[in-house]
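Enquirer: I'd like to go over a predicted model; first the sequence, then the structure.
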Number of protein chains: 2
Amino acid sequence: MAITIKDIANKAGISAASVSRILTNRGRFSEETAHRVRELANEMGYFKNQSAADLSQKSSRVVGVLVPITHTNFADEIIKGMQSKAYELGYELLIAFVETTNQQQIKTVKSLLSRQLLAVVMLAIDIDDTVLAVLKSADVKLLSVSNQLNNDIPSISSDNYAMMHTIVDYLYDHGHRQMALIGSSDPDPIVAILRRRGFIDALTDHGISYNPDFIWGVDMTYQTGLDAIKKFGLPLPFTAVIGSADIISIGLLNGALDAGISVPSNLSIVTVDGTELTQLTRPILTATQQNFAKMGELAISNIANESLSSHSVTFTDITLIPAGTVTTIV
Amino acid sequence: MAITIKDIANKAGISAASVSRILTNRGRFSEETAHRVRELANEMGYFKNQSAADLSQKSSRVVGVLVPITHTNFADEIIKGMQSKAYELGYELLIAFVETTNQQQIKTVKSLLSRQLLAVVMLAIDIDDTVLAVLKSADVKLLSVSNQLNNDIPSISSDNYAMMHTIVDYLYDHGHRQMALIGSSDPDPIVAILRRRGFIDALTDHGISYNPDFIWGVDMTYQTGLDAIKKFGLPLPFTAVIGSADIISIGLLNGALDAGISVPSNLSIVTVDGTELTQLTRPILTATQQNFAKMGELAISNIANESLSSHSVTFTDITLIPAGTVTTIV
DNA sequence: AATAAGTGCGTAAACGTTTACTCAAATTAT
DNA sequence: ATAATTTGAGTAAACGTTTACGCACTTATT
């Protein structure tokens, strides 16, 4: 029923090939006919059948994006960045939300891959080996953003190791000597390992021997933040705590408030991510910020740029934004 | 480069048509060859070329979803519902984030439409007439979820009018007589109109003459919530305020706290939406909850079900969840 | 004026899958 | 044992677009 280039060709009295050349702006054609064709296309309400186009040109300009459905809200920023770059370069984004369950993941991924994709971007996602195997068996570029999976797969993420140094330095300068790190305790995400290592090394640099008990957490959720305060009990054995994600830090803050601990006078909190969520609490969370939008843009540029696409990139422009949850200890 | 059904057919010593029949589970074939083919497909790492399939079967099972990039976080719930139903019924979701700017919208919509879509779902989006015209010119079903656009387009949303009654009744029962409603003041979204009307009518039902000044707001943002408190100044001329979205209500709460107004003793707040955001504040927000996941599921069922797809549906199962931001006035 | 280069456009094949039509072989019914 | 039905699978066309190739015609070069 839909209008095709053949319909346009008939009406214009030329061949479909010419219409195609004009509409894709490839090959040779006169500006005169081009004008007529473009007008006709508009009038007749023509929409390119992208499936047919994809089939014809073997390579596609579609980038699949896997986003965790447990919405870590910095994902929006990254997607925004990706989308703006994608439009600039003429790529198309195909966004799919994936559950944490394996089965759903495989189904989603397979359905994604059945569009011939140029690349698949995994956004802050930990993917299990069976899903990864499926992805690898397909002929697409893989890229992990805001997470590192393993050395095989190029990634774009912040320098998590350096980030921890920045935070620990800041807290140290404010007199803190006992600090805890709350986040996922899974060994899986390399990000978590890097953060832990950065945390420990930073403490060591300041001559503080770290207490393994002070690194804790089940997952990257609000509940983990709440539970952390309960777990350590009163009086808290540390004066400052670092939340590995904004939502965790809000859990920490509320857990502290619920336990009658006043923030920051009795507990300092620094959060990683620094999304708008940090603005919603009272006091406002002191946070490190990463340039998420830029990470998204780079992801697409990286995919577009054949030569670069095999490297991993770590962003080092991390800034700490002082706000209301850190106090100075004398 | 990729494996096609022809490759499988060759290896199995049968025709491509047979492979297609087996893999799509249509038509006639023996379980014996089927088994062999399915194994081969797996071994060889076959992925269906969905573009080719779409081209061949004229109708598609792809539903496009337009999501506002200014992430109203209940959208996640709705998407979750849509996705689960979509998988159940064998549909595919194509999610696109749209900017608020017109130009971006048109570009995104056009690129969406170039996949032959079965339907386009607009998620809590206000769309301008030019974009709407583009959508209508394409041969797709349209459905608006969690928003109503105009009578042309079927929609699935909560009964916003009844919701306001529920809230006003609740506040009235708790002794409140002066109430304000903060949300978008745009006349555009019909939702906003319905809420305002529901608010006014509910007040009238209780014999309260409403004050037009007490309905205010610029848009559905955190800032509007913050600004509302500043605008009315101290002492606030009302004892209770209704935030038209969770993020607005958090703005109201923080605005109040920043102004030294204690909640709920000096100001009661009830919020509409009731997402997890309500749990993040102290005190926790008293909220009405809508069944967002069910709305998403219904959206897909509705699209699947030819006969129903022209009706609008309003959800009436709205519950008010008491929490920490409403006090009783004596 | 003869040749070379460039321009505009048509022809036809290709992309991978689906499906209506066949038809032979196997199975069942009479 | 013959006729009727069912079963499994092959053939070929179709979906809408792109693109290599070729041809006629125009413009530039000597």
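Expert: Yep, it's here. Quick caveat: nothing in here was measured; it's all calculated off a predicted structure. Numbers count the residues shown, from 1 in each chain, chains lettered A, B, ... in the order given.
Enquirer: Every contact and neighbour count from this point should use C-alpha atoms.
Expert: Fine.
Enquirer: Contacts only, for whichever residue of chain A sits closest to chain B.
Expert: For chain A and chain B, the shortest gap (C-alpha to the nearest C-alpha) falls at A:S51, measuring 4.3 Å. The neighbours of A:S51, taking C-alpha atoms under 8 Å, 6 or more residues apart in numbering or on different chains as the test, are B:50-52, B:54-55, B:114-116.
Enquirer: my guess is A:S249 contacts A:S268, does it?
Expert: No. In this structure, A:S249 is not within contact of A:S268 by C-alpha atoms under 8 Å, at 10.7 Å.
Enquirer: Please identify which of these two sits among more neighbours.
Expert: Between A:S249 and A:S268, A:S249 has the larger neighbour count (other C-alpha atoms under 10 Å in any protein chain shown), namely 31 against 26.
Enquirer: Ramachandran angles for the spatially closest residue to that one that is not a sequence neighbour?
Expert: Nearest non-adjacent residue to A:S249, counting by C-alpha to C-alpha, 6 or more residues apart in numbering or on different chains: A:G243, 4.6 Å away. For A:G243, the backbone dihedrals (degrees, to the nearest 10) come out as phi -90, psi 130.
Enquirer: near DNA strand C too, which of the contacts of A:S51?
Expert: Among the contacts of A:S51, the residues within reach of DNA strand C (C-alpha under 7 Å from any atom of the strand) are B:50, B:52, B:55.
Enquirer: Could you measure from the residue nearest to A:S249 over to DNA strand D?
Expert: Distance from A:G243 to DNA strand D, counting by C-alpha to the nearest atom of the strand, to the nearest Å: 49 Å.
Enquirer: Help me confirm that that residue comes into contact with A:V270.
Expert: Yes. Counting by C-alpha under 8 Å, A:G243 does reach A:V270; the two are 6.3 Å apart.
Enquirer: neighbour count winner among these two?
Expert: A:V270 (30 against 26).
Enquirer: Need the per-residue pLDDT for that one.
Expert: In this prediction, A:V270 carries a pLDDT score of 98.
Enquirer: now it, what's its secondary structure?
Expert: Here A:V270 is recorded as strand under DSSP: H, G, I helix; E, B strand; the rest coil.
Enquirer: how far away is it from DNA strand D?
Expert: Counting by C-alpha to the nearest atom of the strand, the gap from A:V270 to DNA strand D is 51 Å.
Enquirer: what's the residue nearest the centre of chain A in contact with, if anything?
Expert: Nearest to the mean C-alpha position of chain A, by C-alpha atoms, centre = their mean, lies A:L123 at 4.1 Å. Counting by C-alpha under 8 Å, 6+ apart, A:L123 makes contact with A:65-68, A:75, A:144-147.
Enquirer: hang on, the earlier thing: what about the contacts of A:S51, which one has the most neighbours?
Expert: Tallying neighbours with other C-alpha under 10 Å puts B:Q116 at the head of the contacts of A:S51, with 26 neighbours.
Enquirer: so who does the residue lying closest to that one once chain neighbours are set aside touch?
Expert: What sits nearest to B:Q116 in space, not counting adjacent residues and going by C-alpha to C-alpha, 6+ apart, is B:S60, at 6.3 Å. B:S60 makes contact with B:54, B:116-118, according to C-alpha under 8 Å, 6+ apart.
Enquirer: try A:Q116
Expert: Residues in contact with A:Q116 (C-alpha under 8 Å, 6+ apart) are A:54, A:59-60, A:62, B:49-51.
Enquirer: Show only the entries of those residues found in helices.
Expert: Taking DSSP state H, the ones among these that sit in helices are A:54, B:50-51.
Enquirer: May I see those organised as CSV, with pLDDT added?
Expert: Output for the ones in helices among the contacts of A:Q116, formatted as CSV (pLDDT from 0 to 100):
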residue, pLDDT
A:D54, 90
B:Q50, 89
B:S51, 90
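Enquirer: All set now, cheers.
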